[in-house]
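>>> how would this look folded up:
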Amino acid sequence: MRIVGFAESLIQIEGPILKGGPRNAIKGGENMALDAIQEVTATEAKAKEQRDTAQAKAKQLLLNAQKEAKQVVAQARQKGEAEAKQMMAQAEQQAAEVTEEVLEQARQDGEALKREARAHLEQAAQLIVEKVVNR
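Prediction:
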């Protein structure tokens, strides 16, 4: 394997410094390239792991939001049903009160008609007696 460009020039410069001369410098360069590939692979694996973790968290957040939304809907439904029952009870109570008022007024009107009829009862009886006697 031959390294070209900047990396090769570094190897050539550092080569004599390395133990064993220029030949070990090339092997060191190969190690550097292998290290870089391993680092890129490790970084990609870490990025994939982070992406997978983020996706799992997003999925869990969505599930939690859906669960919470169902609970909110259920609570709203229960609240609505309770309010409807309360409104029906109030309407029934008001209807009962109005019915009682109407019945009471009808009793009073009936009593007034009875009193009026009793007041005229004696006159009616006299009129009947007169007609029977005058016949």
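>>> Tell me how far the host helix or strand of Ala36 lies from the chain's centre.
In this structure, Ala36 sits in helix 22-133 according to DSSP states H and E. A distance of 11 Å separates the centroid of the chain from that of helix 22-133, by Cα atoms, centre = their mean, to the nearest Å.
>>> Can you name every helix or strand that it contacts?
Packed against helix 22-133 by the contact rule (3 or more Cβ pairs under 8 Å, 6 or more residues apart in numbering; DSSP states H and E) you find helix 6-14. C-beta coordinates here come from the backbone N, C-alpha and C atoms, glycine included.
>>> avg pLDDT for the helix it packs on?
For helix 6-14, mean pLDDT is 47.
>>> What ranges in this structure fall below the confidence cut-off?
Counting by pLDDT under 70, the ranges of the chain that qualify are 1-29.
>>> Near Ala33, how many other residues are there?
Neighbour count for Ala33, taken as other Cβ atoms under 10 Å: 13.
>>> if I look at it, how far off is Ala45?
19 Å (Cβ to Cβ, to the nearest Å).
>>> just Gly110 next, same as before
Distance of Gly110 to Ala45, given as Cβ to Cβ: 96 Å.
>>> Let me see the contact set for Gln94.
By Cβ atoms under 8 Å, 6 or more residues apart in numbering, the contact set of Gln94 is empty.
>>> quick one: it and Met87, what's the gap?
The gap separating Gln94 from Met87 is 10 Å, by Cβ to Cβ.
>>> who's in contact with the residue nearest in space to the middle of the chain?
Taking Cα atoms, centre = their mean, the centroid of the chain lies closest to Ala69, which sits 2.7 Å from it. Neighbour list for Ala69: empty [criterion: Cβ under 8 Å, 6+ apart].
>>> Could you list the alpha-carbon positions for stretch 106-123 in CSV?
Below are the C-alpha coordinates for stretch 106-123, written out as CSV (Å, rounded to 0.1, in the frame of the first residue of the first chain):
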residue,chain,number,x,y,z
ALA,A,106,-105.1,25.3,38.7
ARG,A,107,-106.2,24.4,42.2
GLN,A,108,-106.6,28.0,43.1
ASP,A,109,-108.6,28.7,40.0
GLY,A,110,-110.7,25.6,40.7
GLU,A,111,-111.4,26.8,44.3
ALA,A,112,-112.3,30.2,43.0
LEU,A,113,-114.8,28.7,40.6
LYS,A,114,-116.3,26.5,43.4
ARG,A,115,-116.7,29.5,45.6
GLU,A,116,-118.3,31.5,42.8
ALA,A,117,-120.6,28.5,42.0
ARG,A,118,-121.6,28.1,45.6
ALA,A,119,-122.4,31.8,45.8
HIS,A,120,-124.7,31.4,42.9
LEU,A,121,-126.1,28.1,44.1
GLU,A,122,-128.7,29.7,46.3
GLN,A,123,-129.9,32.0,43.6
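>>> Lovely, talk soon.
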